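Student: Sequence first, then the predicted structure:
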Amino acid sequence: MLKHLRTFRDSTLSALRKHWAVLLAAAATFVVTAGVELWMGRLPLGPDGKFGWWESNIWSSEQSQRFADPYTFSHTIHGMIFYFGLWLVARRWPVRVRFAGALMLEAAWELLENSPLIINRYREVTISLGYVGDSVFNSLSDILFAGLGFLFAWRARTWVTLLVILGMEAGTALWVRDNLTLNIIMLLHPVEAIKAWQSAGRPLP
């Protein structure tokens with residue numbers, strides 16, 4: 001038992017020494033994002049100040065305030081897309097550098113997403129009429145899941161990653177009538193037919 005603990009300790013220390021730069025960059029990304037969002041007026045745990053792991057109701061005021069929600073799948077896909085995008089434009093960079101870059105890209109989106117510009121856009125043209133922005137907790141979890149998506153795409157075969165993306169997009173479309181593709185369409189070029197279909201899925205009060 002003691003031998004196994006020593007082996008685990010040695011391998012952990014070795015990994016930390018090897019990847020200290022990317023770990024430092026990741027930590028800095030989380031800290032800076034949290035600091036900027038707090039400065040922007042975002043609340044650590046959302047308006048109700050409650051901690052929560054999961055919120056499944058996209059129509060709830062608790063949406064985008066908890067650790068995870070149906071849109072977590074979209075942020076995971078972000079990471080997969082960032083992996084392929086960075087592989088195309090910077091494949092000579094070490095994976096750890098591209099990983100740090102993916103986290104920074106997701107953090108940049110989180111800051112933009114929680115700006116008045118995008119919050120108002122969501123309210124005006126999507127089904128997120130009461131959207132008030134993410135809690136800091138939710139934003140940081142979105143960055144985390146994007147990082148996990150990147151790592152999955154790095155280790156999995158391309159066709160497996162593509163199937164997972166299609167599965168998550170189809171699954172969330174059937175489940176909550178929204179997904180990354182629909183979100184992009186509605187933000188960039190709203191389609192009333194899509195909005196009507198999505199709104200029809202709203203539960204009765």
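Tutor: Arrived safely, thanks for sending. Numbers count the residues shown, from 1 in each chain.

Student: So in the protein, where's the weakest helix or strand by average pLDDT?
Tutor: helix 2-18 (a mean of 58; mean pLDDT, DSSP states H and E).

Student: That one: what's the following helix or strand?
Tutor: Scanning forward in sequence from helix 2-18, with DSSP states H and E defining helices and strands, the next element found is helix 20-40.

Student: Show the model's pLDDT score for the residue lying closest to Leu129 once chain neighbours are set aside.
Tutor: The spatial neighbour of Leu129 that comes closest, neighbours along the chain excluded (CB to CB, 6 or more residues apart in numbering), is Arg123 at 5.8 Å. Backbone N, C-alpha and C define where each C-beta goes, glycine included. Reading off the confidence values, Arg123 has pLDDT 91.

Student: Any buried residues in the strand or helix carrying Arg123, and which?
Tutor: Secondary structure assigned from DSSP H and E places Arg123 in helix 116-125. If you call a residue buried by 16 or more other CB atoms under 10 Å, then helix 116-125 has these buried ones: 118-119, 121-122, 125.

Student: Can you name the next helix or strand after it?
Tutor: Secondary structure here is assigned by DSSP H and E; on that basis, the next helix or strand after helix 116-125 toward the C-terminus is helix 136-155.

Student: Tabulate the CA atom coordinates of that next one in CSV.
Tutor: Listed next in CSV are the C-alpha coordinates belonging to helix 136-155 (Å, rounded to 0.1, in the frame of the first residue of the first chain):
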residue,chain,number,x,y,z
VAL,A,136,-19.4,33.7,-11.8
PHE,A,137,-19.6,30.1,-10.6
ASN,A,138,-21.4,29.1,-13.8
SER,A,139,-19.0,30.9,-16.0
LEU,A,140,-16.0,29.2,-14.4
SER,A,141,-17.7,25.8,-14.8
ASP,A,142,-18.3,26.6,-18.5
ILE,A,143,-14.6,27.2,-19.0
LEU,A,144,-13.9,23.9,-17.1
PHE,A,145,-16.3,21.9,-19.4
ALA,A,146,-14.8,23.6,-22.5
GLY,A,147,-11.4,22.3,-21.2
LEU,A,148,-12.8,18.8,-20.8
GLY,A,149,-14.2,19.0,-24.3
PHE,A,150,-10.8,19.9,-25.7
LEU,A,151,-9.1,17.0,-23.8
PHE,A,152,-11.8,14.6,-25.1
ALA,A,153,-11.3,15.7,-28.7
TRP,A,154,-7.5,15.4,-28.2
ARG,A,155,-7.7,11.8,-27.0
